[in-house]
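1. kindly generate the corresponding structure for this input.
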Amino acid sequence: MYQKTDDTPVLNSSCALPQGPAAGHPVIDAVGIFEKLDLGVIHLDKDLCVTYINPSAAAMLNIPVRGARGMQARDLLPGASAGWPCDEFTRAHRENRVIGFEMPSGGPGGRRLFLRCLPAGECLTVFLEEINPGKPFSGGPGQEMRPGAQDHTSPGGELTEQRETIQTVFDHVPVMLCFYDPTGRIRLVNRELERLLGWSWEEIRHMDLMAACYPDPSYRQEVWEYMLEARPGWRDIRMVTRSGGIITASWANVRLSDGSCAGIGINVSERMKMKQDLCRLVTAIDQAGEGIVLFDADWVVEYANPAFENISGHKRHDVVGKSVTSCKDHLACNMYEEILTRVQKEGKPWNGRSSRRKKSGDQVEISLTITPVFDESLRVSNYVALFRDTTRETKLHQQLAQTQKLEAIGTLAGGIAHDLKNIFTPILINTETLMEDAGIGGPETPILEEILKAARLGVDLVNHILTFSRQAPQEKKPLPVTPLVRETLSFLRAALPPTIDIHPRLEAGDALVLGDSIRIKQVLMNLGSNARHAMRKNGGLLEVSLRCVEIGEQSAPQISPDLSPGPYVEITVSDTGEGMDEMIVERIFDPFFTTKDQGEGTGMGLSVVHGIVHDHNGAITVWSKPGVGSSFTVLLPVLREKSIRT
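-> Numbering: from 1, shown residues only. Sure thing, here's the model as predicted:
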């Protein structure tokens, strides 16, 4: 191994190597010595052109000796074409001092070389030695030189300065260092290890640090085997500190030439905690019930969670990488400009509700919040959109509003109906009295009959209003539903034209309900009459199904706000008629609202149905689509056996 001294043999300052002896210059002898050295020697002229290379250097670089002479250094050394290490040669010339650095040999096996560059006038002598990873350089044990490190000319000064430098690094490097012999006895630790584990070096010397840091014997054995293997790479290891806390350190172990090992540990507890927090955050976002979409500063989708797929019907890979305007049905909407102005230009969050259309074409109600995300320089780096499907909530709100509206109308109508009944009663009595006095053939009889007919129509209308407002007196008793429906269908079949077919499906068995048979028949006849009117032009199919269902606690309020969970009989009357749009469906149970022509109906039919069903503690819902048809579903609570005995 090469050691520079004051009488180090250096080639003459002329950059050419003479081929014969020259008086006063032991050049040939020096060359002869270099030829036999295991140390590689290369001589470069001022243009970094090779004027001499010994066999050892040629072997290290895996090139022939004769072919190397005359080559440029950048063509000779691996990686030199990129500028380095020729830059180090130039620096050695410029600073006129020895420069040492490490580089790959370029040969097989991944061997590495250590080079020392010695300025000699305008020329440069380079000494090469082959090293192994972890093998100390000629500077002494543990004193590996880094690229650009200085090699001092004074041996004593070099050793002193290297010791001071290494001690400073050893004490202040922010990693744990631990040297131990093959038996596991710790020979030395640095201050960072003392600080993190909590034991001083004096304490560590007289204790079993492995047992203290790894109380679990099986885990301790696992760590110990990893340390002795001293294989390349890092491994995260959990360590118990003096205070009883646990830190996670990433350790690498290196075997030294004397058989001992050096351990290098980096405290990664904070990183692991951040990683765990990040994993929890990602999991929470992935499992959230709300749809979450992340945009970049140009409104291009970077991420969408699974809930967004469920809400929108779009797969994540369909929207990621695309602009917000490419998914107009769900990401963008008619409020896009308003949202863009507030969030992008004003830098403020936006929230609101809107109707969106899923990929399937179904319409959903969305509660949307869009928030800008600012970076450290307070510039918008991303946008986050939070989608929440409020379709059920909106439907419940509409149902509640409809129920409250009908209750208010019913209360008002009930009061008016009582007043009207008080008005019609004396008219009926007095008219009948006058008709008796006038006789059958009297001239006043036709007029009195018209008065009597109109009064009776008024009374019928009052009774409808009272039924809707649930103020009419009723007597309820246990009723078998299946015979009641079958009997009603026989009357209904006689009233339908031959162009309309009835398909009954009665599957409720002997289920009983507590109700008024006349009014339940009135519900079925009214729904059948409406179906007949919807199919009056082209005919169609009238389906009436009857079955028993169980309404759960979550389903009940979605059907009707005041519906109780439990067993019900479900009566469904469906037609294939004209159907209705959403505007009509919203008002279908309002009193005096009708889609029929003038003179064809009073608009009280479905209002009366609604009143009867709710008076029986049931619920009625409707589905309709223009051109497809309508379906009315009536739910009546099943009468339990205990209630019958009571």
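
2. tell me the pLDDT of the closest residue to residue 99 other than its chain neighbours.
-> Nearest-residue entry for residue 99: residue 92, 4.2 Å, with adjacent residues in sequence omitted and distances by CB to CB, 6 or more residues apart in numbering. The C-beta positions use only the backbone N, C-alpha and C, and glycine is treated the same way. Reading off the confidence values, residue 92 has pLDDT 78.

3. what about the strands in the stretch 401-550 of the chain?
-> Listed in chain order, the strands of the stretch 401-550 of the chain (DSSP state E, counting those that start in this stretch) span residues 477-480, 500-506, 512-515, 540-551.

4. now the second one and strand 540-551, what's the angle there?
-> Between the axes of strand 500-506 and strand 540-551, defined by axes from the mean of the first three to the mean of the last three CA atoms, to 10 degrees, the angle is 20 degrees.

5. tell me which residues in strand 500-506 are buried?
-> By neighbour count, with 16 or more other CB atoms under 10 Å as the criterion, the buried positions of strand 500-506 are 500, 506.

6. how's the chain carved up into domains?
-> When the chain is parsed into structural domains using automatic domain parsing, the resulting residue ranges are 27-156, 173-272, 289-389, 394-468, 477-645.

7. sorry, back to before: return the most buried member of the strands of the stretch 401-550 of the chain.
-> Looking across those with neighbours counted as mean count of other CB atoms under 10 Å, the highest average goes to strand 512-515: a mean of 21.

8. what is that strand packed up against?
-> Strand 512-515 sits against strand 477-480, strand 629-637, with contacts defined as 3 or more CB pairs under 8 Å, 6 or more residues apart in numbering; DSSP states H and E.

9. residue 533: which of the ones you listed is closest?
-> Closest of those to residue 533 is strand 629-637, at 10.7 Å (criterion: CB to CB).

10. what lines up beside the closest one in the sheet?
-> When pairing is defined by DSSP bridges, strand 629-637 lines up against strand 566-575 (antiparallel), strand 619-625 (antiparallel).

11. how would you label the closest residue to residue 535 other than its chain neighbours: helix, strand or coil?
-> By the measure of CB to CB, 6+ apart, the closest residue to residue 535 outside its immediate chain neighbours is residue 577, 4.2 Å from it. Classification of residue 577 by DSSP: H, G, I helix; E, B strand; the rest coil places it in coil.

12. ok, residue 577 touching residue 539?
-> No. Using CB atoms under 8 Å as the test, residue 577 is too far from residue 539 to be in contact (9.3 Å).

13. compare those two and say which is more crowded by neighbours.
-> For residue 577 and residue 539, the more surrounded residue by other CB atoms under 10 Å is residue 577, and the numbers stand at 25 against 15.

14. which of the residues in the helix or strand the residue nearest to residue 99 falls within are buried?
-> Assigned by DSSP states H and E, residue 92 belongs to helix 86-95. Applying a neighbour-count criterion of 16+ other CB under 10 Å, the buried positions in helix 86-95 are 86, 88-89, 92-93.

15. tell me the first helix or strand C-terminal of it.
-> strand 99-104.

16. bridging across strands, which residues link to the closest residue to residue 209 other than its chain neighbours?
-> Excluding its sequence neighbours, the residue lying closest to residue 209 (CB to CB, 6+ apart) is residue 186, at 6.1 Å. Assessed by DSSP bridges, residue 186 has beta-bridge partners residue 180.

17. so that it lines up with my notes, have the first residue be 58 from now on.
-> Will do, 58 is the new start, and the previous item becomes residue 243.

18. roughly how far does residue 341 sit from residue 424?
-> When CB to CB, to the nearest Å is the yardstick, residue 341 and residue 424 sit 19 Å from each other.

19. with residue 276 instead?
-> Taken as CB to CB, the spacing of residue 276 relative to residue 424 amounts to 50 Å.

20. what about those two, which has more around it?
-> More neighbours surround residue 424 than the other of residue 276 and residue 424, with 16 against 13 (other CB under 10 Å).

21. if I look at the more buried one, what pLDDT would I see?
-> At residue 424 the predicted local confidence, pLDDT, stands at 82.

22. residue 301: what secondary structure?
-> State at residue 301, reduced to three classes by three-state DSSP: coil.

23. burial count for it?
-> Considering only other CB under 10 Å, residue 301 is surrounded by 7 other residues.

24. for it, give me its contacts.
-> In this structure, residue 301 makes contact with no residue, judged by CB atoms under 8 Å, 6 or more residues apart in numbering.

25. could you give the angle of the helix or strand that contains residue 664 to strand 676-682?
-> Applying DSSP H and E as the criterion places residue 664 in helix 662-672. With the same axes, to 10 degrees as the basis, helix 662-672 and strand 676-682 are set at 140 degrees to each other.

26. looking at the buried residues of helix 143-152, which is nearest residue 362?
-> Nearest to residue 362 among those is residue 145, at 52.8 Å by CB to CB.

27. give me the distance between the closest one and residue 110.
-> Using CB to CB, residue 145 is found at 18 Å from residue 110.

28. can you check residue 435 too?
-> Residue 435 sits at a distance of 60 Å from residue 110 (criterion: CB to CB).

29. higher neighbour count, the two?
-> Under the criterion of other CB under 10 Å, the comparison of residue 435 against residue 110 puts residue 110 first, with 27 against 8.

30. can you verify my assumption that the more buried one contacts residue 126?
-> Yes. Using CB under 8 Å, residue 110 is in contact with residue 126, at 6.3 Å.

31. shared neighbours of those two, which are they?
-> Common neighbours of residue 110 and residue 126 (CB under 8 Å, 6+ apart) do not exist.

32. so where's the stretch 408-557 of the chain uncertain?
-> Low-confidence segments of the stretch 408-557 of the chain, defined by pLDDT under 70: 453-478, 517-531.

33. a markdown table please, covering the helices and strands packed on strand 569-572 and showing distance to residue 349.
-> Converted to a markdown table, these look like this (distance: least, CB to CB, whole Å):
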| stretch | distance to residue 349 |
| --- | --- |
| strand 534-537 | 52 |
| strand 686-694 | 36 |
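
34. now stretch 593-605: how far from the chain's centre is it?
-> Between the centre of stretch 593-605 and the centre of its chain there are 46 Å (CA atoms, centre = their mean, to the nearest Å).

35. no, scratch that, I was asking about stretch 487-495
-> The gap between the average C-alpha position of stretch 487-495 and the chain average comes to 82 Å, counting by CA atoms, centre = their mean.
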